[in-house]
Every structure is written in C-alpha cells, then in structure tokens.
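Participant: any chance you could fold what I've pasted below:
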Amino acid sequence: MAQNQLITIVPILDKKCDILSDHLRSIRIELLKGVKPDFEAFNSIHFARWVIIDREIPGFPTPTSAIPKLCFVVDYDGTQAELFKNLSTVSSAMIDGIYCYCEDYPLENKRTEESRIAFFNRHTIKNTSVYIGAPGRSLQQIRDESRLRNYLRDYLDFLSLKRGPAKEIHEKLRTKIMSENDFEFLKTPVKMPKINWFGMALIGLILLVLSPLLILWILMVQFFYERKDEVFTMKRSQLDNQALSTLETYEDIYNQNQFTQLVEMKPGIVRLITINGMFMLANGLIRFFFVKGKLMGIPSIHFARWVLFDDNKRVLFFSNFDGSWQQYLGDFIDKSGWGLTGIFSNTKVFPKTKFLLTGGAYDEEHFLAWSRHSQLPTDVWYSAYPQLSIKNINNNTKIRTLLMKDLSEKQAAKFLQLL
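Facilitator: Prediction:
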C-alpha cells in the first residue's frame, strides 16, 4: 500500500488562538494518558501532529505574520481521498472540535462529510521533499511484523532453541509459524526495497553534465550573496530559557521524538532556484538510494519533510525520529552536514556558510543554537508505534522475508541474530 503525506495550513479565527491552543493541549494530555484518538480506527495513520504557527509565545521569536495558523501534518497509508473521508466521518467530532476555531470551516448547521472534505482540499499544501524510513511498509504490515518477531522470540525462549544447528532452528520456527492461524499475512510475499543503481547513474550523469554550470553557480552565490548575508551568531547559552523549557516539555516522552521548524527564505530568485535545486537532488537520492532506513547514514528517521509555502517565502520542516534531539541533530551534523547546509543556507539568519555546502551545519555550536531558535513547540503529536524504532521496523521485515526462505547454515545463523 502506498504511503502518503498530508499537510494543511488554515488561518485561525480572530481571538480564538488561545482557546484552540487550550483545546489542543487537552487532546495532548489525553494521548499521554493512553486514550486512543478516533483516527486510530482508520488503521492507516503512522504519525500525525497539529502545530500552531505564527502565534506569539513567550521567549520565542516574534512571528512575521499577524495571523496565527493551524498546521495538520499526517503520514498515512492509502489515498488522500480515503483519508479525508475517514477524517470527515469517523473522526468528525474530533475534527469539528479543532477546526471550529479556524477560518473557512463549515458552520455547525452546514457540516457534512462533503463540506469537511471540501475544506481540507482547499487548505492542502504540496510537500516539497519527503523522506520515508521504511518505504512501502503499511501500518498494518509494521504491526504484523512486530507481532511476528515477538512471537518468534517468545517461542525460542519457550523451547530453549537458542543452541543447535541454525538451519534446523530456522526450519522449526517456520513450521511452527505456518501452523498458526494468526500469521496468514506471511502467505503474501514482500521484498526489501533495493537501491536503484540506474537511477543513481542517471543522477550522476546529470550532475556531471551540469558540473561547469553548478561550479559557476556556487561561486556566484558565494561572492555575491553569502558574503553579504546576515548570519546566526547566538550560542545555546544565549537562548531564552523559557523557550527551551517549553520545547523540552514536548520531548523525550517516548523513545521517539518530533521536530517542527519554521524559517524564512532569503529574498530573490537566486535563492529560490538554489533551494529548489537542492530539493530536486534530495528527492532523487531519496527515491533511488536512501531506501534502506538511513538518510545520509542517519538510521533514526521514520518520516521527514520540507514544505515551501506562503508564496515560497517560508520553509517548514517536520521530522519523526528515534532518540533524543541532541543525538538526532548530532547525526545530521556528522553525516549530512553538507545537505542541511545546502538547503538551509538559503534561509535567513543561518550560521555562516562558504560555497553553499560548507560551514553552516558544520559549525556545531551555532547550528544547534539556530535549530533550537527556529524550532516550534508541537501542540499535538501522535505515533502509532512509539515502542518501535525505524531500525526495528526494517529489521522485522528482514525477519519476515528470511523466515519464508530456505537458508544455508550461515544464512540461518544471521537470521537468528536478527531475533
């Protein structure tokens, strides 16, 4: 089943922002208590969040827009039409309770499935670049494969099968599983995503052909733009403590975390062309190469996306990841600093960059402070599987595929190590 991503951005009614914020806080508290949201019945939503942007929050930078807006961000299975239909029927009470504080939402006596769907369609924004850590895995598949792994581990412990020929143990496990009625999904074969080397060769060829132009472009950006740019010079010790405290209250609740960031584009067509070029490169690499659960070597990202909006004047970045904020940003700096710099150097007040791809994110002290300074608190955040890391998810698919194959002794030993 296809995985898709949705973002809607809706202006909030005048003087209703605080009321909506309180309502979202109550939803967040319910989620923390373990109360399941209505949309969990869809069995299709991996991650979801509501974030209010452009509001004044003590300690945070003053918003550039006077009108607060509500962002709804979803990673889900199926089509957009199916998602909107479910939101407008199964979750209509929850949706009405949130969007009654937003502009353009149907009046109470005019709220129907059709009017709600039309509302969402009017306010949907196109994603600019999207990364998926487990491409092709539906929510149901992720849950089924997690259940399979847990069953296999328990069965191994029950029978004390951890010693003996690995091939024999593998065959016993497969025989046991196939005798159970709870694992019918194993009859449907699946494959792990593979790198598309033809696509990578095509990207390499395009970059080679364009390399003279790209070099000239980078030199132009360096000498006519980057040397004049205002740069971010604050350190984390200089950031507002109240803002940091607010952000930290939304973090480290589970082994997974979320990140929401809003930055402004630098003006001019050169910066817009540059960032779109970086997004085109990112989309190609994500599609053809980063399909095995690692983005630029970072093994902790479930879903991430960049969104150019507001007539290309601003950029939103959303991420769902494993581990702490510090570890997550540290991995980005160590393993993909050039990619982050190439994108965010086109936004205002970024740490000093050189030749588009260096400096910036590699200036760890200022980059981490910049990341916190431009981060926004996420009002509501939902994960369908908070106990699973992206490594777990990809590992579980490997277990499933190897379980159903005839393996050599060496292959079976590697299979057992996955358990």
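Participant: strands of the protein, start to end?
Facilitator: Counting by DSSP state E, residue ranges of the strands within the chain are 3-11, 45-53, 69-77, 129-132, 256-264, 301-309, 314-322, 353-354, 358-359, 380-383.
Participant: let me know which of those strands is the nearest to Val221.
Facilitator: Closest approach to Val221 among these is made by strand 353-354 (9.1 Å; C-beta to C-beta). Quick note: C-beta positions are derived from backbone N, CA and C, even for glycine.
Participant: strands paired with that closest one, and their directions?
Facilitator: Take DSSP bridges as the rule and strand 353-354 pairs in its sheet with strand 358-359 (antiparallel).
Participant: pull the residues that contact the strand it pairs with.
Facilitator: Applying C-beta atoms under 8 Å, 6 or more residues apart in numbering, the contact partners of strand 358-359 are Trp338, Thr341, Pro351, Lys352, Thr353.
Participant: quick one: average pLDDT of it?
Facilitator: Along strand 358-359, the predicted local confidence has a mean pLDDT of 94.
Participant: before we move on, back to that, among the contacts of strand 358-359, which one has the most neighbours?
Facilitator: Looking at these with neighbours defined as other C-beta atoms under 10 Å, the largest count falls to Thr341 at 26 neighbours.
Participant: which residues sit in contact with that one?
Facilitator: When contacts are counted by C-beta under 8 Å, 6+ apart, Thr341 is found next to Thr353, Leu356, Leu357, Thr358, Gly359, Gly360, Ala361, Tyr362.
Participant: neighbours around the fifth one, how many?
Facilitator: Gly359 is flanked by 20 other residues according to other C-beta under 10 Å.
Participant: got it, and the last one?
Facilitator: Tyr362 has 18 neighbouring residues, counting by other C-beta under 10 Å.
Participant: and the third one, by the same measure?
Facilitator: By the other C-beta under 10 Å criterion, the neighbourhood of Leu357 contains 18 residues.
Participant: distance check, it against Ser345.
Facilitator: Per C-beta to C-beta, to the nearest Å, Leu357 is found 8 Å from Ser345.
Participant: got phi/psi on Gln296?
Facilitator: Actually, residue 296 is Met rather than Gln. Met296 adopts backbone torsions of phi 60, psi 30, taken as degrees, to the nearest 10.
Participant: what's the spacing between it and Trp325?
Facilitator: As judged by C-beta to C-beta, Met296 and Trp325 stand 18 Å apart.
Participant: go through this structure and flag its longest helix.
Facilitator: Longest helix of the chain, by residue count under DSSP state H: helix 197-224.
Participant: mean confidence for it?
Facilitator: In the prediction, helix 197-224 has an average pLDDT of 97.
Participant: list the helices and strands it packs on?
Facilitator: Packed against helix 197-224 by the contact rule (3 or more C-beta pairs under 8 Å, 6 or more residues apart in numbering; DSSP states H and E) you find helix 269-288.
Participant: give me the angle between the helix it packs on and helix 197-224.
Facilitator: Interaxial angle of helix 269-288 relative to helix 197-224 (axes from the mean of the first three to the mean of the last three C-alpha atoms, to 10 degrees): 160 degrees.
Participant: return the set of buried residues in helix 269-288.
Facilitator: 271-272, 274-275, 277-279, 281-282, 284-288 (16 or more other C-beta atoms under 10 Å).
Participant: angle of that helix against strand 301-309?
Facilitator: Between the axes of helix 269-288 and strand 301-309, defined by the same axes, to 10 degrees, the angle is 150 degrees.
Participant: mind starting the numbering at 18 from now?
Facilitator: Sure, I'll start numbering at 18, so the last one becomes helix 286-305.
Participant: can you list contacts of helix 286-305?
Facilitator: By C-beta under 8 Å, 6+ apart, the residues outside helix 286-305 that reach it are 145-149, 212-213, 216-217, 220, 234, 237-238, 242, 282, 312, 323, 325, 329, 332, 356, 359-360, 363-364, 373.
Participant: ok, what's across the strand from Ile69?
Facilitator: So, taking DSSP bridges as the rule, Ile69 has Leu87 as bridge partners.
Participant: could you do Leu325 as well?
Facilitator: In this structure, Leu325 has beta-bridge partners Val332, where bridges are defined by DSSP bridges.
Participant: and for it, the neighbour number?
Facilitator: So Leu325, with other C-beta under 10 Å, has 20 neighbours.
Participant: mind checking how far Pro182 is from Asn103?
Facilitator: Shown here: Pro182 relative to Asn103, a distance of 49 Å by C-beta to C-beta.
Participant: neighbour count for the two, which is higher?
Facilitator: In this view Pro182 and Asn103 are compared by other C-beta under 10 Å, and Asn103 has more residues nearby, 20 against 11.
Participant: contacting residues for that one?
Facilitator: In this structure, Asn103 makes contact with Phe56, Phe59, Ser61, judged by C-beta under 8 Å, 6+ apart.
Participant: about what we covered before: same list, the buried residues of helix 286-305, but as CSV with pLDDT and distance to Glu247 please.
Facilitator: As requested, those are exported to CSV (pLDDT from 0 to 100; distance: C-beta to C-beta, whole Å):
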residue, pLDDT, distance to Glu247
Arg288, 98, 13
Leu289, 98, 18
Thr291, 98, 17
Ile292, 98, 17
Gly294, 97, 22
Met295, 97, 20
Phe296, 98, 23
Leu298, 97, 26
Ala299, 97, 25
Gly301, 98, 31
Leu302, 97, 30
Ile303, 97, 31
Arg304, 96, 35
Phe305, 97, 36
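Participant: got the contact list for Val27?
Facilitator: Contact analysis of Val27 by C-beta under 8 Å, 6+ apart lists Lys86, Leu87, Phe89, Tyr116, Cys119, Glu120, Asp121, Tyr122, His140.
Participant: out of the residues you listed, who's the most crowded?
Facilitator: Among those, the one with the most neighbours (other C-beta under 10 Å) is Leu87, at 26 neighbours.
Participant: surely Asn409 is in contact with Ser163?
Facilitator: Yes. Distance between Asn409 and Ser163: 7.2 Å, which falls inside the contact criterion (C-beta atoms under 8 Å).
Participant: about what we covered before: out of the contacts of Val27, who's nearest Ile24?
Facilitator: Distances from Ile24 to these, taken as C-beta to C-beta, are shortest for Phe89 (6.9 Å).
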